[in-house]
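K.L.:
With the sequence up front, the predicted model follows.
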Amino acid sequence: MENTQELEDHPWKRVLAIGSGAVLLLLAVLLHTQLKDLFWEHNWTFSFLIGLPAFIRTALELSHSREANRLRSTANGFRDEANRLRGDANRLLEAQKDSVGQIAALTKERNDLTAALDTERNKSLDKIATHLQKEPTLAEKNAARLRNYIGEHASVSESDSYWGTNSIIAEVDEHNVVMLFTPSGPSSSSAFAVPVQCDQLELMERPAGGCKVRIKVVKRYVDSIQYGQARTWEEAKRGTNVRKDRPRGNMVFNASYRKAAMSIKRMIGVYAPTDGNPDYTLITFENNQQMDVLYLGKDEVAKKFCPLQLEWYQEGWTFDGGNGDGGLRLFTK
């Protein structure tokens, strides 16, 4: 198949091959005919004919050798080209490695710049947030401090009066109003709470009289709220010890009180027992509005009246007249 392909690729080789075959055929014919005698008589003719195939074969071999040399030269050219291309490929590979290294370096540089940019951006955002952040008001600052002492007793004063240490920091609501609750007990005839806006008080976190903080009320949020005989803030909020009004007899004692430079007046009234109510009724009023009602035995009236009057004195109230005694031994000043 390869020889046939070579003959097809080179026509002159096919001519030589056909010619050689023809000579061999001619020799076969001549040597088997009457002409053979002629050839034996003339040696050169026979030698020529005998040597012709060898000559043709030699020519073919020379032709093959030239073709092999040409093909070898072509192969060497291809080999050189392959080596050149291989060299180019190696150079491109090295260039690719360099490019990969450069890409990695640029990527690292980009990441470093991005991280630095993010850090600077976060710092700027923090500064912006700091500038935009609302400065807490005095009420908010005081409310935050007071919330640390919920349930604690406080030493409380108001203007020139001193409330003592019986007041409790009961709660601080979302509007920054603190409830200063005084429970019913030996030092107070009834429970009450004084709401104070947190920016209307002075707060000192220094112990005094067994209390962790001192509070000076500058201005009340509203008037005090009465909670009857509640002994804890929880009882006050639940309405514990809130009693329905009972019938009362005639007033047997009253005392009025006033504050300097104020038109508000307070009064304590004591009513005698009557049908349906065997106890004395002690009622406190402010501007003729009922504040609190207590139902007491005869001996208990003085025990509640004296601490109540003392509380009012401490708050700046002074005696402004009154009458009656009813045999209760109540003393005013």
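P.N.:
In hand now; what should we look at? Owing to the predicted nature of the structure, the values given are computational and were not obtained by experimental measurement.
K.L.:
only C-alpha atoms for contact and neighbour calcs from this point on.
P.N.:
OK.
K.L.:
Now do the domain split for this protein, please.
P.N.:
As given by automatic domain parsing, the domain ranges for the chain are 2-96, 137-242, 244-333.
K.L.:
do you know which of those lies nearest residue 116?
P.N.:
domain 2-96 (29.7 Å; C-alpha to C-alpha).
K.L.:
Helix or strand next in line after the helix or strand containing residue 216, which one?
P.N.:
Here residue 216 sits within strand 213-217, counting by DSSP states H and E. For strand 213-217, the succeeding helix or strand toward the C-terminus, using DSSP H and E, is strand 225-226.
K.L.:
Next secondary structure after the helix of greatest length in the chain?
P.N.:
Longest helix in the chain by number of residues, with DSSP state H as the criterion: helix 43-132. Downstream of helix 43-132, the next assigned helix or strand under DSSP H and E is helix 138-146.
K.L.:
Neighbouring strands - and their directions - for the following helix or strand past that following helix?
P.N.:
Next along the chain after helix 138-146, taking DSSP H and E as the criterion, comes strand 153-158. Within its sheet, strand 153-158 is paired with strand 161-172 (antiparallel), strand 213-217 (parallel), according to DSSP bridges.
K.L.:
Taking helix 138-146 as reference, get the angle to the longest one.
P.N.:
Pointing back at strand 161-172 there. Angle, strand 161-172 to helix 138-146, by axes from the mean of the first three to the mean of the last three C-alpha atoms, to 10 degrees: 80 degrees.
K.L.:
in strand 161-172, what counts as buried?
P.N.:
By 16 or more other C-alpha atoms under 10 Å, the buried positions in strand 161-172 come out as 161, 162, 163, 165, 166, 167, 168, 169, 170, 171, 172.
K.L.:
Identify the residues contacting the second one.
P.N.:
Under the criterion of C-alpha atoms under 8 Å, 6 or more residues apart in numbering, the contact list for residue 162 reads 156, 314, 315.
K.L.:
pretty sure the second one contacts residue 158?
P.N.:
Yep, that's residue 314 we're talking about. No. Using C-alpha atoms under 8 Å as the test, residue 314 is too far from residue 158 to be in contact (9.0 Å).
K.L.:
rewinding a little: now the strand holding residue 216, how far from the chain's geometric center?
P.N.:
Distance, stretch centre to chain centre, for strand 213-217: 38 Å (C-alpha atoms, centre = their mean, to the nearest Å).
K.L.:
now do stretch 152-165
P.N.:
In terms of C-alpha atoms, centre = their mean, the centre of stretch 152-165 is set 43 Å apart from its chain centre.
K.L.:
Dump the C-alpha coordinates for that stretch into PDB.
P.N.:
In PDB, the C-alpha atoms belonging to stretch 152-165 read as follows (Å, rounded to 0.1, in the frame of the first residue of the first chain):
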ATOM      1  CA  GLU A 152     -34.600  51.000  97.300                       C
ATOM      2  CA  HIS A 153     -35.300  53.600 100.000                       C
ATOM      3  CA  ALA A 154     -34.100  57.100  99.300                       C
ATOM      4  CA  SER A 155     -33.400  60.100 101.500                       C
ATOM      5  CA  VAL A 156     -35.900  62.700 100.100                       C
ATOM      6  CA  SER A 157     -36.200  66.400 100.700                       C
ATOM      7  CA  GLU A 158     -38.400  69.100  99.000                       C
ATOM      8  CA  SER A 159     -37.600  72.800  99.200                       C
ATOM      9  CA  ASP A 160     -37.000  73.300 102.900                       C
ATOM     10  CA  SER A 161     -38.800  70.200 104.100                       C
ATOM     11  CA  TYR A 162     -37.300  66.800 104.700                       C
ATOM     12  CA  TRP A 163     -39.400  63.700 104.000                       C
ATOM     13  CA  GLY A 164     -37.100  61.300 105.900                       C
ATOM     14  CA  THR A 165     -35.900  57.900 104.600                       C
END
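K.L.:
what about it, average pLDDT?
P.N.:
Confidence over stretch 152-165, taken as the mean pLDDT, stands at 86.
K.L.:
which residues sit in contact with residue 143?
P.N.:
Counting by C-alpha under 8 Å, 6+ apart, residue 143 touches 172, 176, 177, 178, 198.
K.L.:
For residue 131, report the pLDDT, please.
P.N.:
Residue 131 is assigned 71 on the pLDDT scale.
K.L.:
Look at residue 34 and report its pLDDT.
P.N.:
53.
K.L.:
and if you look at residue 168?
P.N.:
The score at residue 168 is 93. That number is its pLDDT.
K.L.:
OK, contacts around it?
P.N.:
Counting by C-alpha under 8 Å, 6+ apart, residue 168 touches 150, 151, 152, 153, 154, 180, 181, 182.
K.L.:
Would you check how far apart it and residue 209 are?
P.N.:
For residue 168, the distance to residue 209 equals 13 Å [C-alpha to C-alpha, to the nearest Å].
K.L.:
Confidence-wise, which helix or strand of this protein is lowest on average?
P.N.:
Least confident helix or strand, the chain: helix 2-9 with a mean of 50, by mean pLDDT, DSSP states H and E.
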